[in-house]
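Undergrad: Pasting the sequence and the predicted coordinates here, then a few questions.
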Amino acid sequence: MTILDGKKVSNDIKNEIKAEVDKMKANDEKVPHLAAVIVGNDGASLTYVGSKVRACERVGFESTMVRLSSTTSEIELLDKIEELNENSDIDGFIIQLPLPRQINTQKVLMAVNPDKDVDGFHPMNFGKMALDMSTFIPATPFGILELLERYKVDTDGKHTVIIGRSHIVGRPMSILMGRKGFPGNSTVTLTHSHTKNITQITSQADIIISALGIPNFLKAEMVKDDAVIIDVGITRVTDDSDKGYRITGDVDFENVSKKASFITPVPGGVGPMTIAMLLKNTLLAREQHRQHKR
Ligand SMILES: NC(=O)C1=CN([C@@H]2O[C@H](COP(=O)(O)OP(=O)(O)OC[C@H]3O[C@@H](n4cnc5c(N)ncnc54)[C@H](OP(=O)(O)O)[C@@H]3O)[C@@H](O)[C@H]2O)C=CC1
Ligand SMILES: Nc1nc(=O)c2c([nH]1)NC[C@@H]1CN(c3ccc(C(=O)N[C@@H](CCC(=O)O)C(=O)O)cc3)C=[N+]21
């Protein structure tokens with residue numbers, strides 16, 4: 001069994017990005033600038049955005065965190081997005097999800113300039129992804145592809161079962177694993193809360209990508225020998241540590257890892273990869289931005 005070490009691979013990627021940024025600096029070029037908008041005071045969301053900002057510092061990017069109150073109206077958020085769209089210093093930005101109830105998420109995501117949409121959530125970019133056109137690939141799915149690629153996990157002709165159909169993980173993952181090429185060429189089954197006999201489906205999977213957010217959902221009995229297990233889930237459970245919580249994935253790691261050929265841990269698996277790939281998309285946005293200005 002091999003652990004897919006997202007912590008290590010994400011550090012490698014950050015070092016590669018830092019080397020690019022160092023070159024930019026040596027040539028007196030502008031470095032990439034990422035902005036993150038966060039609405040409200042959700043603890044987990046603030047932690048993620050905090051890690052994104054720290055990761056920017058680590059690779060030499062500029063970063064801006066825009067904090068708006070939980071009572072922000074849709075119009076106020078749309079105004080902020082317009083400002084970020086027009087600010088030529090900003091190469092890319094993300095709107096941290098979920099948004100408060102009074103705000104229509106789809107409307108907000110459509111307001112982001114597709115050229116700055118480093119999350120890849122704008123319908124234009126999502127459509128391009130589905131049509132194999134070059135675009136920003138959502139960071140979590142992108143991170144999973146990168147992990148599979150760097151560990152040379154064979155996906156060709158394999159049966160990939162995805163659990164969860166969210167717009168940010170499950171749905172794009174189902175498209176990407178079925179695309180031509182590597183990592184892809186999989187036969188994909190997308191499952192969700194209406195799926196019947198899920199154990200019967202997961203038991204036939206060569207690759208399982210679990211993105212639902214229920215601790216210990218995926219148990220050893222649901223997995224065949226030598227399966228590849230990707231655990232996207234992140235759930236905070238309270239404990240008596242200093243932080244007062246620990247995070248756990250969707251997979252019963254202790255037992256499933258005994259059967260798996262490859263498996264991602266939580267923490268230290270998909271989470272750090274997500275952040276590294278957001279940086280990668282921001283670097284890409286900077287390069288495209290520079291070329292368009294010439
Ligand atoms: N590591 C990382 O970088 C990231 C981690 N996450 C984590 O991944 C998890 C999923 O998040 P997200 O993708 O946003 O998904 P959502 O929370 O939006 O959706 C969960 C999905 O799971 C499905 N589901 C719920 N219960 C079951 C069940 N019993 N059987 C099968 N499917 C079920 C739902 O089905 P239905 O559609 O029918 O409701 C839905 O499609 C969370 O823990 C989140 O914190 C998310 C993003 C990035
Ligand atoms: N617009 C938008 N884009 C996102 O990419 C996005 C989002 N909204 N909303 C929430 C989800 C969640 N997400 C995570 C990113 C990193 C870790 C991560 O770094 N996890 C660490 C541990 C973190 C901890 O200790 O809490 C790990 O797994 O090792 C987790 C989850 C991005 N998301």
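TA: Structure received. Ligands and ions are numbered 1, 2, ... in the order given.
Undergrad: and L212, that's in a strand?
TA: No: with DSSP: H, G, I helix; E, B strand; the rest coil as the criterion, L212 is coil rather than part of a strand.
Undergrad: was I right about it contacting V251?
TA: No: using Cβ atoms under 8 Å, L212 is not in contact with V251; the gap is 10.6 Å. Every residue, glycine included, has its C-beta placed from N, CA and C.
Undergrad: residues in contact with S134?
TA: Contacts for S134 (Cβ atoms under 8 Å, 6 or more residues apart in numbering) come out as K128.
Undergrad: And it, what's its pLDDT?
TA: Looking at S134, its pLDDT is 95.
Undergrad: that older thread, which neighbours do L212 and V251 share?
TA: With Cβ under 8 Å, 6+ apart, L212 and V251 have common neighbours G233.
Undergrad: and the helix or strand hosting F93, what does it pack onto?
TA: In the assignment (DSSP states H and E), F93 maps to strand 92-95. Helices and strands touching strand 92-95, by 3 or more Cβ pairs under 8 Å, 6 or more residues apart in numbering; DSSP states H and E, are strand 33-39, helix 74-86, helix 270-293.
Undergrad: So for the last one, what gets flagged as buried?
TA: In other words, helix 270-293. By neighbour count on 16 or more other Cβ atoms under 10 Å, the buried set for helix 270-293 is 270-286, 288-289.
Undergrad: just stretch 155-173 next, same as before
TA: The neighbour-count check on stretch 155-173 (16+ other Cβ under 10 Å) flags 155, 158-166, 168-173 as buried.
Undergrad: ok, these vs I81, which is closest?
TA: The shortest approach to I81 among these belongs to I168, at 17.8 Å (Cβ to Cβ).
Undergrad: what's the distance between the closest one and A139?
TA: The gap separating I168 from A139 is 9 Å, by Cβ to Cβ, to the nearest Å.
Undergrad: Once you drop chain neighbours, what's closest to the residue in the chain that ligand 2 sits nearest to?
TA: Of all residues in the chain, G271 sits closest to ligand 2, at 2.3 Å by Cβ to the nearest ligand atom. Spatial nearest neighbour of G271, chain neighbours left out: I234 (6.2 Å); criterion: Cβ to Cβ, 6 or more residues apart in numbering.
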